[in-house]
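> sequence? don't have it. structure:
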């Protein structure tokens, strides 16, 4: 790596860590930075996951009280489902040819950008739609587990917008408390990315020099720069992420 590349990766990871702690969308910065500094696309995606995971996993502890409100059996079922899905998704990514993954990238980025753009309205609708309490029957439990499995496979493979997909799945199960839903979403996303990282490491898909630089940057962003980011109106932060997301999507559609 050259000095400019190191600086680029550090700043991108710091931005990614900051945004993940206040609004989400950090991968819109970490993945392109790796790709544009010469890392192969599949390895760039794997390395981006490694770079952003430590800071995001740490946030799970902040929701520990809410997690204890989830029934233990349900929690174990969802965690097990997410672990299986995360492993499957990560393996699929590693064995996807670089040329095919590059062709899929514009569509994956478009999906992630749209999910991010409409996440607030989707979450609001889900919250309104679940005013009446529902019992979690066995058919609904099985359907929810299958839905979470599909989401987890996508999360292990790419992961952009996984948070809003998980919230939708949890709402369909009948959950109402947004704090509990957010706690469970963070915990499950950490599980998915955590097991995906194990697969990436085992199959030698991580660009470690770049990853170390970016882990440092994302940690600084997640715990330091986010203090200042919280002072900015979230609508401007979200607008910034959306512009970057749509810009990247258009660029990949035009150039690939």
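Done, it's in. Computed from a predicted model, the values in this text were never measured in an experiment. Residues are numbered from 1 along each chain as shown.

> which other residues reach whichever strand or helix holds residue 90?
Here residue 90 sits within helix 72-94, counting by DSSP states H and E. For helix 72-94, contacts defined as C-beta atoms under 8 Å, 6 or more residues apart in numbering pick out 42, 45-46, 67, 101, 136, 141, 145, 148-158, 184, 187-188, 191-197, 199-200, 203, 205. The way it works is simple: take the backbone N, C-alpha and C, and place the C-beta from them, glycine included.

> look up phi and psi at residue 207.
Phi and psi for residue 207, reported as degrees, to the nearest 10, are phi -90, psi 90.

> then residue 204?
Here is the backbone geometry of residue 204 (degrees, to the nearest 10): phi 60, psi 50.

> now do it against residue 115, distance only.
Here the criterion is C-beta to C-beta, to the nearest Å. By it, residue 204 lies 30 Å from residue 115.

> comparing the two, which residue is more hemmed in?
Between residue 204 and residue 115, residue 115 has the larger neighbour count (other C-beta atoms under 10 Å), namely 20 against 10.

> so that one is in which element?
Per DSSP H and E, residue 115 falls inside helix 98-117.

> how about residues contacting that helix?
Contact with helix 98-117 is made by 24-25, 27-28, 40-42, 45, 93, 96, 122, 158, 160-161, 164-165, 238, 241-242, 245-246, 248-249, 252-253, 256, as judged by C-beta under 8 Å, 6+ apart.

> only whichever of these are buried, select them in ChimeraX.
Remark: buried members of those, expressed as a ChimeraX selection using 16 or more other C-beta atoms under 10 Å:
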select :24,25,27,28,40,41,42,45,93,96,122,158,160,161,164,165,238,241,242,245,246,248,249,252
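
> coming back round to it: so of the contacts of helix 72-94, which ones are in helices?
The helices, defined by DSSP state H, take in 42, 45-46, 67, 101, 141, 145, 148-157, 184, 187-188, 191-197, 199-200 from the contacts of helix 72-94.

> list the contacts for residue 44?
31, 34-35, 207.

> can I get these in CSV with distance to residue 180, neighbour count and pLDDT?
Shown next, in CSV, are those (distance: C-beta to C-beta, whole Å; neighbours: other C-beta atoms under 10 Å; pLDDT from 0 to 100):
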residue, distance to residue 180, neighbour count, pLDDT
31, 30, 30, 90
34, 34, 28, 94
35, 36, 20, 92
207, 37, 23, 93
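
> can you get me a residue count around residue 103?
A count of nearby residues for residue 103, using other C-beta under 10 Å, gives 13.

> of the contacts of helix 72-94, buried ones?
Among those, those classed as buried by 16+ other C-beta under 10 Å are 42, 45-46, 101, 145, 148-149, 151-158, 184, 187-188, 191-197, 199-200, 205.

> all set, thanks.
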